[in-house]
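Engineer: pasting a predicted model and its sequence here:
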Amino acid sequence: MPSATFQTALAPDTRTRILDLAEVLLLERGYNAFSYHHLARELGIKPAAIHYHYPSKDDLGTALVTRQLRRLRKWRGLPRVTGLGPAQQLDALLAVYENHLGHDRRVCLFGALAADFRTLPEAMQAELRVFNHELTEWLAEVLSAGRATDAFRFVGSPAAKALQLLTTLAGALQVARVHDETPFQVIVGQLRLELLP
């Protein structure tokens, strides 16, 4: 049996616990629908402990988007992603969106923040733009490589197609939240039908 010291080393620190819970609440409720009091109550800590790590909710929100941006950069650089062909890379991206369905039909980060964008702090807006730009740019490269090798067929530029796909996927998660997973699967099926030769 592991020692208490070993178990403590594996337990997430307070800063990480705050970020993890804030992320869940953000994707389930939206940025403006939770407060430090919600976080403190759920975590069993005082709001002052949250302010210690994140002096303002603006700081917390920016940290959430920054963490997602780091995850995106890490994910797209993983050998299990970079070593795939374009069609399989698209499948890997679709699996990320499908994973949201398994978590109480949560929306994606962009979908959760886009509706509240004008009320977000500037630093958070800037990070969300970077996140969206880098994801779109990566997908455009995948689509371009796929069209060059006849793995995909589509009309228009890869950048435009990437924007269309990501917007459709974000919207599909919103529709799944209102109904069930069926419309999401239909939409993904249609995307595949239009892209794959």
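Structural biologist: That came in fine, so what should we check first?

Engineer: tell me how far residue 130 lies from residue 99.
Structural biologist: Separation of residue 130 from residue 99 (C-beta to C-beta, to the nearest Å): 22 Å. In this view, the C-beta of every residue, glycine as well, is placed from N, C-alpha and C.

Engineer: grab the longest helix from this protein for me.
Structural biologist: helix 122-148 (DSSP state H).

Engineer: tell me the mean pLDDT for that helix?
Structural biologist: What helix 122-148 shows for mean pLDDT is 96.

Engineer: residues of it that come out buried?
Structural biologist: Neighbour counts using 16 or more other C-beta atoms under 10 Å place 124-125, 127-128, 131-132, 135-136, 138-147 of helix 122-148 among the buried residues.

Engineer: how far out from the middle of the chain is it?
Structural biologist: 12 Å (C-alpha atoms, centre = their mean, to the nearest Å).

Engineer: same question for stretch 133-152.
Structural biologist: 19 Å.

Engineer: element containing residue 49?
Structural biologist: helix 47-53 (DSSP states H and E).

Engineer: buried ones in that helix?
Structural biologist: For helix 47-53, using 16+ other C-beta under 10 Å, the buried residues are 49-50, 53.

Engineer: other SSEs contacting that helix?
Structural biologist: helix 14-29, helix 36-43 (3 or more C-beta pairs under 8 Å, 6 or more residues apart in numbering; DSSP states H and E).

Engineer: would you mind writing the CA trace of it as PDB?
Structural biologist: C-alpha atoms of helix 47-53 as PDB (Å, rounded to 0.1, in the frame of the first residue of the first chain):
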ATOM      1  CA  PRO A  47     -12.800  32.300  -1.300                       C
ATOM      2  CA  ALA A  48      -9.600  33.900   0.000                       C
ATOM      3  CA  ALA A  49      -7.700  30.700  -1.000                       C
ATOM      4  CA  ILE A  50      -8.900  31.200  -4.500                       C
ATOM      5  CA  HIS A  51      -7.900  34.800  -4.600                       C
ATOM      6  CA  TYR A  52      -4.500  33.800  -3.300                       C
ATOM      7  CA  HIS A  53      -3.900  31.800  -6.500                       C
END
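
Engineer: which residues of this structure score low on pLDDT?
Structural biologist: 1-11, 103-105 (pLDDT under 70).

Engineer: residue 178 and residue 49: what is the separation?
Structural biologist: 36 Å.

Engineer: sorry, slip of the keys, the one I care about is residue 111.
Structural biologist: In terms of C-beta to C-beta, residue 111 sits 30 Å off from residue 49.

Engineer: quick one: contacts for residue 52?
Structural biologist: Listed by C-beta atoms under 8 Å, 6 or more residues apart in numbering, residue 52 has no contact partners.

Engineer: what about the residue nearest to residue 28 when sequence neighbours are not counted, which SS state?
Structural biologist: Closest residue to residue 28 apart from its sequence neighbours, by C-beta to C-beta, 6 or more residues apart in numbering: residue 106 at 6.0 Å. Look at residue 106: counting by DSSP: H, G, I helix; E, B strand; the rest coil, its state is coil.
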